[in-house]
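Peer 1: build me a structure from this.
(2 chains)
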Protein chains: 2
Amino acid sequence: MAIGFTITKEDGRSRARRGTLITPHGTVQTPIFMPVGTQATVKTMTPEEVQDCGGALVLSNTYHLYLRPGHALVAEAGGLHKFMRWDGPILTDSGGFQVFSLGPLRKISDQGVTFRSHIDGSEHFFSPEKSMEIQMALGADVAMAFDECAPYSSSYEQTRAAMERTTRWAERCRMRHDRKDQALFGIIQGGMYRDLRLQSAAELAALDFPGHGIGGLSVGEPKPLMYEVLDYLVPAMPREKPRYLMGVGSPDCLLEGVFRGVDMFDCVLPTRIARNGTVFTRDGKLVVRNAEYARDFRPLDPECDCYTCRNFSRAYIRHLIKANEVLGIRLTTLHNLRFVLRLMENIRAAIDGDYFVAYKEDFLRRFKLD
Amino acid sequence: MAIGFTITKEDGRSRARRGTLITPHGTVQTPIFMPVGTQATVKTMTPEEVQDCGGALVLSNTYHLYLRPGHALVAEAGGLHKFMRWDGPILTDSGGFQVFSLGPLRKISDQGVTFRSHIDGSEHFFSPEKSMEIQMALGADVAMAFDECAPYSSSYEQTRAAMERTTRWAERCRMRHDRKDQALFGIIQGGMYRDLRLQSAAELAALDFPGHGIGGLSVGEPKPLMYEVLDYLVPAMPREKPRYLMGVGSPDCLLEGVFRGVDMFDCVLPTRIARNGTVFTRDGKLVVRNAEYARDFRPLDPECDCYTCRNFSRAYIRHLIKANEVLGIRLTTLHNLRFVLRLMENIRAAIDGDYFVAYKEDFLRRFKLD
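Peer 2: Next up, the predicted model:
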């Protein structure tokens, strides 16, 4: 087994649980938020900075690395860990989500997906087998099965077809995957339909993957609907295997996800909004670009322990962002990443200390996004 | 006196000299290269990174800070040191060079210069007095007199007029400047004309500034011509005061400048070319963007001690730059800055050890820019 997962504590008042995920590149504590290093770099940050923020497991994107610099080159460099100099564990997605997001640029059949590169328009073909080949070349600790994620607007029939194809593809991924130092997770689809979600969970559980992604959420649906799906889906997933809610990373969603039994999360949101000049604070969001902060010499979040907040003022950061200075987006990115990773540290401590539900309620009482 | 300057050693085989410059924010060793923080940030870097590269004195730009965020805001923040969190010494230029570089956007009279902002086209007026007011508000350790830098293409008469105006303006700067914890340097002009340069040097020496900038070089003339000017100009400058060659920072020019008796340098070149994917190596330049480095897993410069070279490959850095990832230009900037600052460290050690001329010849024998 490439990975091991141990549940160290289960919360008495929710489905929240603490665990350890043992990988070839070290052991990490769950619930965990995984910073996203789309193109073999967590945007704007060095590996040391990601680590200093509390990052332990980094996600990288198969679609992007396949197109540039190419998985063969990464393999030649000694694998993704060595290429990007991240010594901790890495998870790669399957490329499915990106390829399906290309819209009119792609053609789907049971065989796989033909798509055009967003970089140069060249034509490419991804199949479950191809995704495995690429991910094995990249050499992450965890690979994801190639899935079809139907859009939120899909009908029941369309969603069912995509879900059933996802199961067939998951079997093909399992057949092709043979890298011993890499775990392969299946991905549950089924949209917002309870019976499809439960069918998908059952079919994937039967394939005995060492972990499961929950795909097709956070794709435009209202948050309460996502929570509703988690309410019935998570209990139908194997208890002893890690559960990974893909593409979710807003602080409120992290708390609600953990509450419902999710162990792993990833999302570009914290770092993407940072690059637009929006940062998290204990009270919610703060758009530091705004004129009202021009002469505000306080830190972004006076309660934050990050490098940015220990050293720089809102006025200075606003100046940097208005002047298009790279240091500005470095400082906001670092702050937001630390904010989310500290939230996960607090969540883990709260589960350990038997006060998770109280912590969640207290956090959400003050933290307002609108 | 806001600053003190002590010559600690003079080379026996050249005009090179070692010194210490004592400022309100600490003592620095000369000859020194000053990293440029145009908009109150050395592009892409934190203050700690600049320091780790060996940066001791940072330059910032009066023109840019006046326009954005405004000197009043910087003063309100507690001054430039506090605003940008650089605890070491800072030098601000006078804004003259930038304003005169605006070309058709400006109108000059003896009174001062009317110009339009490159940001929003708004009209502004700089005079010697205004430049002093702005620089005193910014609060750097060293301010520069407001000068007129005639273009390289100027006739003798035009160059003479600009040089004589520079002297008159230098007197007005001295009259207006009254910040005790800030030194004011005069700037020598006179283009490539020996008599004008010597006249400028004599007139400024008579004004008894604590240091002198050499302006109007590195403005498009061939390097040998610049060296020729230094050959006759530097000996005409007061021995006991620091000599600052403005806007010069190519490794070869640093060596030739020190050889001719220059103590201080600044230049955006090392950091600007870095952002375009060009780095210095012991052998000259390397354009890491180029396809030939796609599968080159060696460091940028195998002899370099910088963070970039200790950790990352040419192939990875090339990937980052091709993919427009911020980490790419962070790594190249850091490398180039360290390269130039280490060169200055080596130069200082060479002067101290009585082998400067041999060091210079050895360095230039191998280092080829073309």
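Peer 1: so A:Thr333, which state does it fall into?
Peer 2: Classification of A:Thr333 by DSSP: H, G, I helix; E, B strand; the rest coil places it in helix.
Peer 1: number of residues surrounding it?
Peer 2: By other CB atoms under 10 Å in any protein chain shown, 26 other residues sit near A:Thr333. The way it works is simple: take the backbone N, C-alpha and C, and place the C-beta from them, glycine included.
Peer 1: got it, and A:Glu221?
Peer 2: Counted by other CB under 10 Å, the residues lying close to A:Glu221 total 15.
Peer 1: hang on, it in a helix?
Peer 2: No - the assignment for A:Glu221 (three-state DSSP) gives coil, which keeps it out of a helix.
Peer 1: test my guess that it contacts A:Glu228.
Peer 2: No - using CB atoms under 8 Å, A:Glu221 makes no contact with A:Glu228, being 9.4 Å away.
Peer 1: residues from chain A in reach of chain B?
Peer 2: Residues of chain A found near chain B (CB under 8 Å from any CB of the partner chain) are A:39-41, A:43-46, A:64, A:68-69, A:73, A:76-78, A:83-85, A:294-295, A:297, A:307, A:311-313, A:315-316, A:318-320, A:322-323, A:325-327, A:329-330.
Peer 1: and A:Arg243, what does it touch?
Peer 2: Contacts for A:Arg243 (CB atoms under 8 Å, 6 or more residues apart in numbering or on different chains) come out as A:Gly211, A:His212, A:Ile214, A:Val234, A:Met237, A:Gly261, A:Val262, A:Asp263, A:Met264.
Peer 1: identify each buried residue in stretch A:145-154, please.
Peer 2: For stretch A:145-154, burial by neighbour count (16 or more other CB atoms under 10 Å in any protein chain shown) applies to A:Ala145, A:Phe146, A:Asp147, A:Glu148, A:Cys149, A:Ala150, A:Ser154.
Peer 1: any idea which of those is closest to B:Gly96?
Peer 2: Proximity of those to B:Gly96 was ranked by CB to CB; the top entry is A:Cys149 with 59.0 Å.
Peer 1: that closest one contacts A:Ser94, doesn't it?
Peer 2: No - using CB under 8 Å as the test, A:Cys149 is too far from A:Ser94 to be in contact (9.9 Å).
Peer 1: beta partners of A:Met90?
Peer 2: Actually, residue A:90 is Ile rather than Met. A:Val58 (DSSP bridges).
Peer 1: okay but it is in contact with A:Asp141, surely?
Peer 2: Yes - if you go by CB under 8 Å, A:Ile90 and A:Asp141 touch, sitting 5.7 Å apart.
Peer 1: so what sits against both of these two?
Peer 2: A:His25, A:Leu57.
Peer 1: neighbour count winner among these two?
Peer 2: Comparing A:Ile90 with A:Asp141 by neighbour count (other CB under 10 Å), the higher total belongs to A:Ile90, at 27 against 24.
Peer 1: A:Phe363: which element?
Peer 2: Using DSSP states H and E, A:Phe363 sits within helix A:356-366.
Peer 1: and if you look at A:Arg310?
Peer 2: Assigned by DSSP H and E, A:Arg310 belongs to helix A:307-311.
Peer 1: I'd like the next helix or strand past that helix.
Peer 2: As the chain continues past helix A:307-311, the following element, by DSSP H and E, is helix A:314-322.
Peer 1: tell me the secondary structure for A:Glu49?
Peer 2: With three-state DSSP as the criterion, A:Glu49 reads helix.
Peer 1: count of neighbours near it?
Peer 2: A:Glu49, neighbours per other CB under 10 Å, totals 19.
Peer 1: surely it meets A:Leu331?
Peer 2: No - taking CB under 8 Å as the definition, A:Glu49 is not a contact partner of A:Leu331, at 10.9 Å.
Peer 1: quick one, grab the pLDDT at the residue sitting furthest away from the middle of chain A.
Peer 2: The centre of chain A is farthest from one residue, A:Arg295, which by CA atoms, centre = their mean lies 35.8 Å away. On the pLDDT scale, A:Arg295 is placed at 98.
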